[in-house]
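# A structural model of the following input is requested.
(one chain, ligands or ions: 1)
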Amino acid sequence: GSTTLAVQTRGLTAGYGSTPAVHDLDLEVAEGEIAVLLGANGAGKTTTLLALAGELRPMRGTADVLDCGRRSRLDRRARSGLGYLTEGRCVFMGLTGWENLKLGRGKPARALELFPELEPHLGKRAGLLSGGQQQMLALGRILATEPRLVLADELSLGLAPLVVQRLLGALRAAADRGAAVVLVEQHVRHALAIADRGYVLRRGRVALSGTGAELAADADSIGRQYLTGE
Ligand code: ATP
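Numbers count the residues shown, from 1 in each chain. So this is what the prediction gives:
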């Protein structure tokens with residue numbers, strides 16, 4: 001079948017001030033695909049997402065990303081199809097679950113289709129929900145907008161494996177509906193199980209890449225070689 005690329009970088013180099021944090025990245029993600037970025041702390045994963053979101057301009061090379069209005073502000077980009085979940089829990093802690101969903105641009109019913117387990121808790125302030133419920137609320141809000149490109153940074157940090165699987169499953173469902181997803185994730189096995197492809201970053205460069213299945217077959221050695229701190 002024909003695939004439409006949603007993300008294509010060529011020799012992408014990006015960083016902070018005049019110091020590159022990622023070098024020479026060649027990444028490709030098609031619509032309907034999930035790509036996972038793996039790597040130790042400081043390897044350049046968040047920097048890569050920021051460059052794809054248009055928050056960091058390439059110092060060298062190109063970052064072609066399907067046009068989500070990348071020159072406009074992040075909230076405008078959200079309106080044109082970019083869903084960006086940053087590290088941490090992106091919810092209004094002082095508002096109820098319902099209020100959080102209604103403030104989103106998508107239909108609350110769609111978020112609840114993805115995470116029906118939230119329904120009994122929607123009357124509570126988000127700050128009183130568990131970490132997993134907060135993250136389902138945050139991801140549900142984003143996915144309810146039916147984004148064309150989803151960038152998700154460590155959405156499962158500190159959460160129980162069952163919740164991690166629910167969150168990653170919802171991303172898989174979004175991809176199956178045609179979204180392109182780029183995911184930064186520390187749960188290597190869970191992530192590779194839903195990913196079409198993966199890139200292992202080391203010191204800002206792609207050290208290894210392959211299909212999710214190829215990398216999953218090497219998950220142990222990838223963990224030993226690339227994911228421990230240096
Ligand atoms: P982590 O898992 O710790 O989030 P990461 O793989 O996402 O790691 P990045 O956050 O992309 O790594 O960091 C890559 C490099 O860029 C690191 O050396 C980091 O110190 C540096 N860096 C990150 N953010 C900034 C910033 N705002 N200003 C300057 N340097 C930064």
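# Now stretch 57-65: buried residues?
Of all the residues in stretch 57-65, those buried under the rule 16 or more other CB atoms under 10 Å are 58-59, 61, 63, 65. (C-beta placed from N, C-alpha, C; glycine too.)
# And these, which is closest to the ligand?
Comparing these against the ligand with CB to the nearest ligand atom places residue 59 closest, at 12.7 Å.
# Which element, helix or strand, includes residue 38?
According to DSSP states H and E, residue 38 maps onto strand 34-39.
# list the contacts for the residue nearest the centre of the chain?
By CA atoms, centre = their mean, the mean C-alpha position of the chain lies nearest to residue 152, the distance being 1.8 Å. Residue 152 is in contact with 85, 139, 171, 181-184, counting by CB atoms under 8 Å, 6 or more residues apart in numbering.
# mind listing which of the residues you listed are in helices?
Within the contacts of residue 152, residues falling in helices by DSSP state H are 139, 171.
# ok, so of the contacts of residue 152, who is nearest residue 122?
Nearest to residue 122 among the contacts of residue 152: residue 139, at 15.2 Å, using CB to CB.
# ok, back up a step: could you identify the least confident member of the buried residues of stretch 57-65?
Among the buried residues of stretch 57-65, residue 65 has the lowest pLDDT, at 86.
# State the distance from it to residue 5.
Distance of residue 65 to residue 5, computed by CB to CB, to the nearest Å: 9 Å.
# Now do residue 132, the pLDDT please.
On the pLDDT scale, residue 132 is placed at 96.
# which helices and strands does whichever strand or helix holds it pack with?
Assigned by DSSP H and E, residue 132 falls within helix 131-143. Where contact means 3 or more CB pairs under 8 Å, 6 or more residues apart in numbering; DSSP states H and E, helix 131-143 is packed against strand 82-85, helix 97-103, helix 108-114, strand 149-153, helix 161-176.
# redo that, cut-off 7 Å
Applying 3 or more CB pairs under 7 Å, 6 or more residues apart in numbering; DSSP states H and E, one finds that helix 131-143 contacts strand 82-85, helix 97-103, helix 108-114, helix 161-176.
# Deepest-packed of these, please.
Stretch with highest mean neighbour count among the helices and strands packed on helix 131-143: strand 82-85 (a mean of 24; mean count of other CB atoms under 10 Å).
# Next one: that one, is it in contact with the ligand?
No. Residues of strand 82-85 contacting the ligand under CB under 6 Å from any ligand atom: none, with a closest distance of 13.8 Å.
# hmm, back to that, report the inter-axis angle for the strand holding residue 38 versus strand 149-153.
Here the directions of strand 34-39 and strand 149-153 differ by 30 degrees (axes from the mean of the first three to the mean of the last three CA atoms, to 10 degrees).
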